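Structure of the sequence below:
(chains A and B)
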Amino acid sequence: KQEVTQIPAALSVPEGENLVLNCSFTDSAIYNLQWFRQDPGKGLTSLLLIQSSQREQTSGRLNASLDKSSGRSTLYIAASQPGDSATYLCAALATGNQFYFGTGTSLTVIP
Amino acid sequence: ETGVTQSPTHLIKTRGQQVTLRCSSQSGHNTVSWYQQALGQGPQFIFQYYREEENGRGNFPPRFSGLQFPNYSSELNVNALELDDSALYLCASSLPGRVTEAFFGQGTRLTVV
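Alright, predicted model coming up:
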């Protein structure tokens, strides 16, 4: 069964820092990997989608990479801002057409 | 283009009751999935509907059931509510296939007392 782990569980950084969030998955047979942002009590906002044949995707200050062979993905956030404070979830789309989610990294950017 | 919308946003039910949650998919998306997110956890897959048929199911009991309508909107029904059913219920829509992006609604917060 696919298991997704996110490290760290929580992260606090001063504004302006670059940071990396980590996601690992146990079964490399994934169709794609998607990163989401979740504000407290809210739904999920899609940030980046990486298809299984791709190595990375970029959108503005965000860059996500995927290494299927090692079962890892990273989300890089450049020049962090207080508005980036949220929980970040990674999800691997795999067998059964379902997303397997990690428990998220709670990010706080301190002004 | 409208996004994924869910109703209601909040709901309080008593143990043993039944509840129906609704989801309107993003324009043009014919695949709808439902997830349950307990507090502090990642979302867990309940089931997926494609062209009005169930197209995959997670590890949830039969009292969790669903429907998809010809306009691709969907319902999640939960019978015999238990306290542990208290959670945020999320709906996601996408185009068919394994390389398409999924878009989530804002969720329905269900509290069972």
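
Output the set of residues of chain B in proximity to chain A.
B:4, B:6, B:33, B:35, B:40-45, B:48, B:55-58, B:88, B:90, B:92, B:98-99, B:101-107, B:109 (C-beta under 8 Å from any C-beta of the partner chain). In short, each C-beta sits where N, CA and C put it, glycine included.

Could you tell me which of the residues you listed belong to strands?
Members of these lying in strands (criterion: DSSP state E): B:6, B:33, B:35, B:44-45, B:48, B:55-57, B:88, B:90, B:92, B:103-104, B:109.

which stretches of chain B have low pLDDT?
B:1-2, B:97-99 (pLDDT under 70).

hang on, I meant chain A
Counting by pLDDT under 70, chain A contains no low-confidence range.

Get me the contact residues on it for chain B.
So chain A meets chain B at A:4, A:31-32, A:34, A:36, A:41-46, A:49, A:51-52, A:89, A:91, A:93, A:96-104 (C-beta under 8 Å from any C-beta).

Give the ChimeraX command for selecting the buried subset of these.
The following ChimeraX line selects those of those that are buried, judged by 16 or more other C-beta atoms under 10 Å in any protein chain shown:
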select /A:4,31,32,34,36,43,44,46,49,51,52,89,91,93,97,98,99,100,101,102,104
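
Among the residues of chain A next to chain B, name the ones in strands.
Filtering these for strands - DSSP E - leaves A:4, A:32, A:34, A:36, A:44-46, A:49, A:51, A:89, A:91, A:93, A:98-101.

excluding its backbone neighbours, what's nearest the residue most central in space within chain B?
Residue closest to the average C-alpha location in chain B (C-alpha atoms, centre = their mean): B:Trp34, at 3.1 Å. Setting aside the residues directly before and after it, B:Trp34 is nearest to B:Ile46 in space (C-beta to C-beta, 6 or more residues apart in numbering or on different chains), at 4.3 Å.

hang on, that neighbour packs against B:Arg57?
Yes: if you go by C-beta atoms under 8 Å, B:Ile46 and B:Arg57 touch, sitting 7.4 Å apart.

Looking at these two, which is more packed in?
B:Ile46 (23 against 15; other C-beta atoms under 10 Å in any protein chain shown).

Quick one, which of the residues of chain B next to chain A are buried?
Applying 16+ other C-beta under 10 Å to these flags B:4, B:6, B:33, B:35, B:42-45, B:48, B:55-56, B:58, B:88, B:90, B:92, B:102-107, B:109 as buried.

follow-up on the earlier one: and which of the ones in strands among the residues of chain A next to chain B is nearest B:Ser27?
A:Ser46 (15.7 Å; C-beta to C-beta).

correct me, but the closest one touches B:Ala102?
Yes: using C-beta under 8 Å, A:Ser46 is in contact with B:Ala102, at 7.0 Å.

Next, show the common contact partners of these two.
Common neighbours of A:Ser46 and B:Ala102 (criterion: C-beta atoms under 8 Å, 6 or more residues apart in numbering or on different chains): A:Gln34.
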